[in-house]
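Enquirer: A structural model of the following input is requested.
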Amino acid sequence: MAADSEPESEVFEITDFTTASEWERFISKIEEVLNDWKLIGNSLGKPLEKGIFTSGTWEEKSDEISFADFKFSITHHYLVQEFPDKEGKDEVLEDVIPQSMQDLLCMNNDFPPRAHCLVRWYGLREFVVIAPAANNDAVLSESKCNLLLSSVSVALGNTGCQVPLFVQIHQKWRRMYVGECQGPGVRTDFEMVHLRKVPNQYTHLSGLLDIFKSKIGCTLTPLPPVSIAIRFTYVLQDWQQYFWPQQPPDIDALVGGEVGGLEFGKLPFGACEDPISELHLATTWPHLTEGIIVDNDVYSDLDPIQAPHWSVRVRKADNPQCLLGDFVTEFFKICRRKESTDEILGRSTFEEEGREAADITHALSKLTEPAPVPIHKLSVSNMVHTAKKKIQKQRGVEESPLNNDVLNTILLFLFPDAASEKLLDGTSSTDNSNPPLESEEYNLYNQFKSAPSDSLTYKLALCLCMINFYHGGLKGVAHLWQEFVLEMRFRWENNFLIPGLASGPPDLRCCLLHQKLQMLNCCIERKKARDEGRKTSPSDNVTNTYSGDAGKSGDQLGPDNLKDTDKEKGEVGKSWDSWSDSEEEFFECLSDTEELKGNGQESGKKGGPKEMASLKPEGRLHQHGKLNLLHNGEPLYIPVTQEPAPMTEDLLEEQSEVLAKLGTSAEGAHLRARMQSACLLSDMESFKAANPGCFLEDFVRWYSPRDYIEEEVIDEKGNMVLKGELSARMKIPSNMWVEAWETAKPIPARRQRRLFDDTREAEKVLHYLAVQKPADLARHLLPCVIHAAVLKVKEEESLENISSVKKIIKQIISHSSKVLHFPNPEDKKLEEIIHQITNVEAIIARARSLKAKFGTEKCEQEEEKEDLERFVSCLLEQPEVLVVGAGRGHAGRIIHKLFVNAQRAAAMAPPEEDLKRMVPPEEKRQNLAADFPPAAGRELILRTTVPRPAPYSRALPQRMYSVLTKEDFRLAGAFSSDTSFF
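Expert: Alright, predicted model coming up:
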């Protein structure tokens, strides 16, 4: 019983063989993907057109599958094409071999210049690849390769898919694929051999034909003819007759006076090395048969000069060093530096001269002795003396970052008026030598938020760029900026206008630094006009050059409003005759104060008392011409008014933040309105002084005509008369206009508190400039540098006329205008713009290199010149270009000459090297006579249609591709066999 019970207990350990194994699951996943992609059955497309593999669109879709825990990616590569009509398809498809087998014999697309390697080797328009998902994974063992191949075979058989399916084996860099394609009763096996060293018998056509025939194994006595396509590729690396003409700028010439300071306003351009490294000539024999030519280890008929087809491609140098790109890149690097100007140049050059020599014993006496006000420190001579003394102490004169000659050249370039007598006379002009151009290039600064190309800011950016690259790097930049700030203070103190800046308020379309310089110029202009006014007789009468009202309310419309014309007349001289530097001085005058107390305090009550009319009018610009005062019929005079304060964008932003913080309460809104009405109050006071006894209605009729409404009414006598009244918004109780009118006193503009304190604003600008770090400066000026680089690229492109570059430049401008309008653009986006500019520079350099090599300028016949220029432009834009006429055409003859010159130069080796190599004399003579070097690559495609595996089998296409290079030998075969009759 015990013996019987033991085998019964083992019955429960049953192995279930119906459970799917990992291998079966893998096959099922392949089948599922093929079904999802609808790759089942045969889908015949149109015959392949010539060149479609390069010009057509290739697409791919991928999925992920796994064998146990090993992941594979499965990818479908296919050429997008239209399928023919499907009428009568079922009848035709029964005996038709798969599309991929037909493509094996197609000769229209041999050796495509740009395609997937399997397309080049087998001529397929559609295929599926299974490869390890991870880059470092590889299928190495033979058993695993066979397992994958059998999985593919089973999946193709189960689904009826007729698209070739490949499996990638070995390391990915070897590009080893095996695969299979199945059709009704037919099958094609894709096999591959990859070797490092080439067996000698396979270096020529006859040896490869032997392999092909032995692999086919056809027993038919008259073997069907084998079609042969051959391509030899020759590489030209040495351009003996041509030297790269680009030379770096001659730095000594900049200082030596040969070129002059104007060179600082130009950006360099071009590649420092030849951007074309190699020229590849492919000589092709597309249709040959076995008996026509001889190519073995002794003799070859394959002479490249006699090849019917020539095609050329150029290999571009990897990241050639380009001057413009390097200039902009090096300047951009300053943006990431953290040091201040003082840290770069040593201790502060603005510190007091005697601070280091101060004796500790005199420390307490400082508390008791009266300290003089150090106003003399503001003088430019003292500052320059202190700065130079400090620089000499800490670095020595010889170690100064910028050479004196270079510095003087730059400063004369930036400030050309310094050399003229105008500056000495104190009448420096802001007129530019270049008039504003209403062109797209000139107005590019609007899009880039940079500065006009003839402005001081733009020139400063270019000079700093060159200093950074050639004259001392970051220290040179800090030194020049320090000198620039000293020059700005000198001009402010001595009333010299800054050249290269447009007159008027700061242009908010430009960069902030340009706005600051314009603001400083406004301050100098006001101060200069005020100082000149002091020298003249202190008269109350004002010249007609005064402007009546710049920038007033936007309601100034109407036919009788002359303010706009007044503005045009008086835009030039906006000065106050007898103003003082001190704002408080006007209100210290006793007679004025008492007069105001007696007559002005009550002047705002609904037109003011009658005593107002007895006041002496002051500050009149000119008579209006059409309007009279309402209560007494006196002519209405337009007063001299103060200009509104010019503002830079940071001041506007600061002001808007202050106004926003006041909140939405009634008190906040009232305070905000009072802050905004300073200009309105000043104009009311000027108007009252010019028109004694006036009403608010009189002021509104001149200042905002739309707010004074006139209607025709019938009076008591029945006559039609015009009756006017204020608009509804002016009648609102306690509105800002009424309040301002009531508080306004009859004070002419010249005695009012200044709306724009030029002294304070100038000191703020000078302080802002002095504290700028080189990194901040580079950030401010980078839009100008990019602007200049784009203009330079456009200028150089116009000489070459390359259509593809025109499109890229438009993209750069569009991209830059979006990026640079933000206050703090991201570094990554700025780097993209600089990279695009460098790419365009490299393309133009390549075009010039090719034109020089092919001698387009030397052509005497216009037709040949046009053909060569077209050929060169195609070389830049296309992966491979067909040479018209092959070796006998014009371009072909030039290419042949290039190779001959390179061969002759290579043959002139020193005798020592000849001895070392021990080359036989016969071979040496043969090499000397050869026009071309040994082929760098030899490609062959052999095709035929034979019955396989048996003589009575169906005749099917066979194909073998071979490529032989210096370090690589590959055979890729596609051998079809009949699975019905074998």
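Enquirer: So the residue sitting nearest the centre point of the chain versus Leu512, what's the distance?
Expert: Ranked by distance to the mean C-alpha position of the chain (CA atoms, centre = their mean), the top residue is Ile833 at 2.4 Å. Per CB to CB, to the nearest Å, Ile833 is found 19 Å from Leu512. (Each C-beta comes from the backbone N, C-alpha and C, glycine too.)
Enquirer: correct me, but the residue nearest to the centre of the chain touches Val819?
Expert: Yes. Between Ile833 and Val819 a contact is recorded at 6.4 Å, counting by CB atoms under 8 Å.
Enquirer: Mutual contacts of those two, please.
Expert: Residues touching both Ile833 and Val819 (CB atoms under 8 Å, 6 or more residues apart in numbering): none.
Enquirer: ok, longest strand in this protein?
Expert: strand 276-289 (DSSP state E).
Enquirer: What's the local residue count around the closest residue to Ala936 other than its chain neighbours?
Expert: Once flanking residues are discounted, Ala936 sits nearest to Val235: 4.5 Å by CB to CB, 6 or more residues apart in numbering. Residues near Val235, counting by other CB atoms under 10 Å, number 17.
Enquirer: Please list all residues in contact with Val235.
Expert: Glu278, Leu279, His280, Leu281, Pro933, Ala936.
Enquirer: Quick check: closest non-adjacent residue to the second one.
Expert: If I follow you right, that is Leu279. Leu236 (4.3 Å).
Enquirer: cool, Val765 as well?
Expert: Counting by CB to CB, 6+ apart, Leu520 is the residue found nearest to Val765 once chain neighbours are left out, at 4.6 Å.
Enquirer: The one you found contacts Leu766, doesn't it?
Expert: Yes. At 7.2 Å, Leu520 and Leu766 qualify as touching, with contact defined as CB under 8 Å.
Enquirer: Give the helix, strand or coil label for Thr219.
Expert: Put simply, Thr219 is coil when judged by DSSP: H, G, I helix; E, B strand; the rest coil.
Enquirer: State the three-state secondary structure for the closest residue to it other than its chain neighbours.
Expert: The shortest distance from Thr219 to any non-neighbouring residue, by CB to CB, 6+ apart, is to Pro951 (5.5 Å). Recorded secondary structure, Pro951: coil (three-state DSSP).
Enquirer: just Asp189 next, same as before
Expert: strand.
Enquirer: Okay, buried residues for whichever strand or helix holds Asn158 please.
Expert: Asn158 is part of helix 142-159, with elements assigned from DSSP states H and E. Buried residues in helix 142-159, counting neighbours by 16 or more other CB atoms under 10 Å, are found at Cys145, Leu147, Leu148, Leu149, Ser151, Val152, Ser153, Val154, Ala155, Leu156, Thr159.
Enquirer: Count the neighbours of the residue nearest to the third one when sequence neighbours are not counted for me.
Expert: Put plainly, it is Leu148. The spatially closest residue to Leu148, leaving aside those adjacent along the chain, is Val167, at 4.6 Å (CB to CB, 6+ apart). Here the number of neighbours of Val167 (other CB under 10 Å) works out to 24.
Enquirer: Contact partners for Val167?
Expert: Neighbouring residues of Val167 by CB under 8 Å, 6+ apart: Val129, Ile130, Ala131, Val139, Cys145, Leu148, Leu149, Val152, Tyr177, Val178, Gly179.
Enquirer: Give me the below-cutoff pLDDT ranges for the stretch 701-850 of the chain.
Expert: Along the stretch 701-850 of the chain, segments meeting pLDDT under 70 span 718.
Enquirer: related to what we said a few turns ago, ok, the residue nearest to Val765 to Asp758 distance?
Expert: Distance of Leu520 to Asp758, computed by CB to CB: 9 Å.
Enquirer: Which residue of these two possesses the greater neighbour count?
Expert: Between Leu520 and Asp758, counted using other CB under 10 Å, Leu520 has the larger neighbour count: 27 against 23.
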